[in-house]
Structure formats: structure tokens, C-alpha cells
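Engineer: this one's structure only:
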């Protein structure tokens, strides 16, 4: 898969349009639709997206994302896409739907197929929509498909819903909508090394900036290591109030049945379920006892 960050002509594409934060089950269907169509038509497929979320540029709001850009593109690549075309939203922010369609989509990509979600909006003031894309098929000789809403147990799948489930600690619903476990990754740093003194050494990573945060608490997780191995683990996300008062948020992970050095290595932490909120204990001995209880929840 090739990532393109400047406009250039790549004609006759099968395009999936959207920002695709999280690449959840609904997004996967939109993108897969474009990939399937490309194989039938005999052309290449592409995801057309933006380097920054349009809302953050229009409002100045700081947004929290479900995935980092790196992981988002990895998940998209796994769906078989040939290109990711990443545009600077400021270049198109003030275009009308017709201007965006003529000056970007048609001029550079002359699409043979376009796939979007059922509620896709584009153009200044979000005035372009699925009806616009449907109505212009004959004029521009492309086929358009709008993926209907996908749902899990009666809840419509959306990036907003997934963020809310993560923020509430409902990892089961978040993972069900994503089609995989919610995960974060980072390089292991040296902490205060208190865990090893009570028999529970942890691998510590700084929680990724701009990724939505779960509640402070203890979680059942799995951890993927660079060598391809995976371990059951217990994680604490928060400020470790029993042993620290610096207020720094850290994700600490105790890997079961692991003996090795992870400093400087990148690990992925996959959240399975929340066990309890983060608590402050009167002593390290009390903390040690609680950790032993928490580990039982992993079995």
C-alpha cells in the first residue's frame, strides 16, 4: 500500500471516502466495498482521507482518537487497499460540494466507484451528502454505494459511540464495535521500580497523546511483544496514588509468566475488561494483596 500526501493524478480509482477513526466494523465495510469493487471493475482501490480531523481545524477543538494515525493506516492496509490519499483539509475546507467533486475527485481520480458510510457529509457547511453522490453517478460515470448503519445489540456502530464506551470502561462493547480489542502501544520506559520490590515488576509506557483514555483503573489485558509473542497481563492506568504523588499518567503492565527485559521495546496493550477503579492503599503490603486478588480475575 502506498501513502500519498500530495495531489496527483491516479485515474479510474475505486474510492472509499471518510476519516475512519478507529477503522471499526462499519468503516471496514465501507473500505472493503471499495476494494471488492476494484477487483470486479479491474482498477485500483484507495481511501481518501485527511491528515487532521475536519472538526479540529474548523473549531480548534482538541479531539481524542481511537487509534493513532500509524495504527489506523495499518488496519486499512490489512483490508487490501492499494493507496491511502491523505489530504490537508485546509485545502478543501471552503469548497462547495460541487467544487470539491469537480476539482478534487474527478480531476485527479476520475472515480469508477465511490463508497461511503450512510451519513457521509462533505463540502462547506457539510452541505454535500449521500444524495449528491448518488445523483451524480450518470453524469460522471461511476457507481456509488452507501453502506447502511451497522449495529451491535441494538447500538449503532460509530466512532463516537466507541469513544464513549472506552471512556466508561466498557471494553466489551468497544471491542465488539471495533471488531478487535481496543489497544494502545508505546516504548517501555523505566519507572519507579516499586513493583519489583513487591513481586510484581511492570512494563511502563506513556499513554499515547490524543488517544481516548479509559477511566483510571485496573484492567485485564493482553500484551503483544515485538517478537510476536503474547501474554496475559494485568494493567493499571492512572497516577499510581499509593506510590506516587506526581500526577503523571502511566500505563503499567504486569505480564504473567514473563521473565525478561522490555526496556526500550515497543509493546501493544490490548484492553479486555475493566476489573476495578484505581485505588489508594495504606501500604505496599495492602497493594500487593489486592494485586494478587486482581490477578485471579484474569483466570
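Structural biologist: Received it, and whenever you're ready, just let me know what you need. Computed from a prediction, not measured in an experiment: that's the story for all the values here. Numbers count the residues shown, from 1 in each chain.

Engineer: Run through the bridge partners of residue 146.
Structural biologist: Using DSSP bridges, the bridge partners assigned to residue 146 are residue 116.

Engineer: Touching, it and residue 121? I think so.
Structural biologist: No: counting by C-beta atoms under 8 Å, residue 146 stays clear of residue 121, with 11.9 Å between them. No exception for glycine: its C-beta is placed from N, CA and C like everyone else's.

Engineer: higher neighbour count, those two?
Structural biologist: residue 146 (18 against 15; other C-beta atoms under 10 Å).

Engineer: for that one, what are its contacts?
Structural biologist: Neighbouring residues of residue 146 by C-beta atoms under 8 Å, 6 or more residues apart in numbering: 115-118, 120, 130, 133-134.

Engineer: Quick one, grab the pLDDT at residue 197.
Structural biologist: Residue 197 is assigned a predicted lDDT (pLDDT) of 61.

Engineer: How about the one 4 residues further on?
Structural biologist: In the prediction, the pLDDT value recorded for residue 201 is 80.

Engineer: Surely residue 37 touches residue 143?
Structural biologist: Yes: using C-beta under 8 Å, residue 37 is in contact with residue 143, at 7.0 Å.

Engineer: shared neighbours of these two, anything?
Structural biologist: Counting by C-beta under 8 Å, 6+ apart, the residues touching both residue 37 and residue 143 are 112-113.

Engineer: Tell me which of the two has more neighbours.
Structural biologist: Neighbour totals were compared for residue 37 and residue 143, and residue 37 leads with 21 against 14 (other C-beta under 10 Å).

Engineer: so where does that one fall, helix or strand?
Structural biologist: Counting by DSSP states H and E, the element that carries residue 37 is helix 25-41.

Engineer: Residues in contact with that helix: which ones?
Structural biologist: The set of residues external to helix 25-41 that reach it, using C-beta under 8 Å, 6+ apart, is 13-16, 18, 20, 23, 44-47, 76, 79-82, 112-117, 143, 145, 147, 149-150, 152, 157-158, 177-179.
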